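Undergrad: what shape does this take:
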Amino acid sequence: MDPLVDWVAEALAPMGEVTSRRMMGGHTLYLDGTVFAIAALDDLWFKSDATSNPAWDVEGCDPFTYDAKGETRTMNYRRAPSDVHDDADAMRHWAGLALEASRRAPVKKRKAKA
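TA: Have a look, this model is predicted:
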């Protein structure tokens, strides 16, 4: 497994079970079945939204961006503050904020199979 994903699971164990699913060179992270972060580009990115963005901005946490078809696109994830990499309390604080953002997100409807 990925050492970063292992650390996240260890730090968040008091909050619930962290599971992961591989995605394009990284992992999508779930806490008790709810997506709250991705591990990609050698870092951790927490789920964000308009409500939580001011807290991420104060910490200087950049949005997750990627290039697609010559355009830079942004996803609702923010780079984790550096202290989450060695401070379990910080990890739990920021993961909690990300979990709240995930719970506020509208549920995506699945496309019906034809």
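
Undergrad: give me the longest strand you can find in the protein.
TA: strand 71-79 (DSSP state E).

Undergrad: what does that one rub up against?
TA: 37-38, 43-49, 53, 56, 61-67, 101, 105 (Cβ atoms under 8 Å, 6 or more residues apart in numbering). Every residue, glycine included, has its C-beta placed from N, CA and C.

Undergrad: go again with 6 Å.
TA: Applying Cβ atoms under 6 Å, 6 or more residues apart in numbering, the external contacts of strand 71-79 come out as 38, 43, 45-49, 56, 61-66.

Undergrad: of those, which is the nearest to residue 92?
TA: Of all these, the one with the least separation from residue 92 (Cβ to Cβ) is residue 46, at 11.8 Å.

Undergrad: hmm, residue 100 and the closest one touching each other?
TA: No. Shown here, residue 46 and residue 100 do not form a contact pair, counting by Cβ atoms under 6 Å, at 10.5 Å.

Undergrad: neighbour-wise, which of the two wins?
TA: Between residue 46 and residue 100, residue 46 has the larger neighbour count (other Cβ atoms under 10 Å), namely 28 against 14.

Undergrad: so where is the chain shaky, pLDDT-wise?
TA: Within the chain, the stretches with pLDDT under 70 are 1, 110, 112-114.

Undergrad: next, name the residue at the spatial heart of it.
TA: The C-alpha lying nearest the average C-alpha coordinate of the chain belongs to residue 37 (Cα atoms, centre = their mean; 1.6 Å).

Undergrad: so how far is residue 88 from that residue?
TA: Distance of residue 37 to residue 88, given as Cβ to Cβ, to the nearest Å: 15 Å.
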